[in-house]
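Participant: take a look and give me a structure for this.
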Amino acid sequence: MDFVSIRIITGDIARLVDFYERATGVRADWSTEDFAELRTAGATLAIGSTRTVALFAPGSARPADNSTVIIEFLVADVDGVYRNLADFVADFVTEPTTMPWGNRSLLLRDPDGNLVNFFTPVTPAAIEKFAR
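Facilitator: Next up is the predicted model:
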């Protein structure tokens, strides 16, 4: 089995796609005006409008209603990501901080309030863990 994507349902797809394109530097592939994907080497971040929910599971997902999931991106320079987003992101939860498990992490909220973690491994063990 392969984990291939996570999908965010949003009430404002253009705003959320714009945010993730700016935050990640990855251009979205739009399938329709209601569905876009940002593909990385490891997985895909899919973003769907609320209209897509009715197509596969009516009433099963509500936009901007997540408080349990953190979307994570492995980046080469988390401090650079922070500098790039400093004038763009309204809700930083924590500025870049080195965590006890060896990653330097930046935690923020996207425009829908979803938690997003950008991290860079900085200790030898963390670097080895994420070596590709």
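Participant: where do the domain boundaries of the protein fall?
Facilitator: 1-59, 66-132 (automatic domain parsing).
Participant: reformat those as TSV; add mean neighbour count and mean pLDDT.
Facilitator: C-beta: built from backbone N, CA, C; applies to glycine. As requested, the domains of the chain are arranged in TSV below (neighbours: other CB atoms under 10 Å; pLDDT from 0 to 100):
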stretch	mean neighbour count	mean pLDDT
domain 1-59	15	94
domain 66-132	15	95
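Participant: where do the strands sit along this structure?
Facilitator: Under the criterion DSSP state E, the chain contains strands at 5-10, 29-32, 35-39, 44-49, 70-74, 92-98, 103-109, 115-121.
Participant: parallel or antiparallel, list what pairs with the shortest one.
Facilitator: So that's strand 29-32. strand 35-39 (antiparallel) (DSSP bridges).
Participant: between strand 5-10 and the strand it pairs with, find me the angle.
Facilitator: Using axes from the mean of the first three to the mean of the last three CA atoms, to 10 degrees, the inter-axis angle of strand 35-39 relative to strand 5-10 is 140 degrees.
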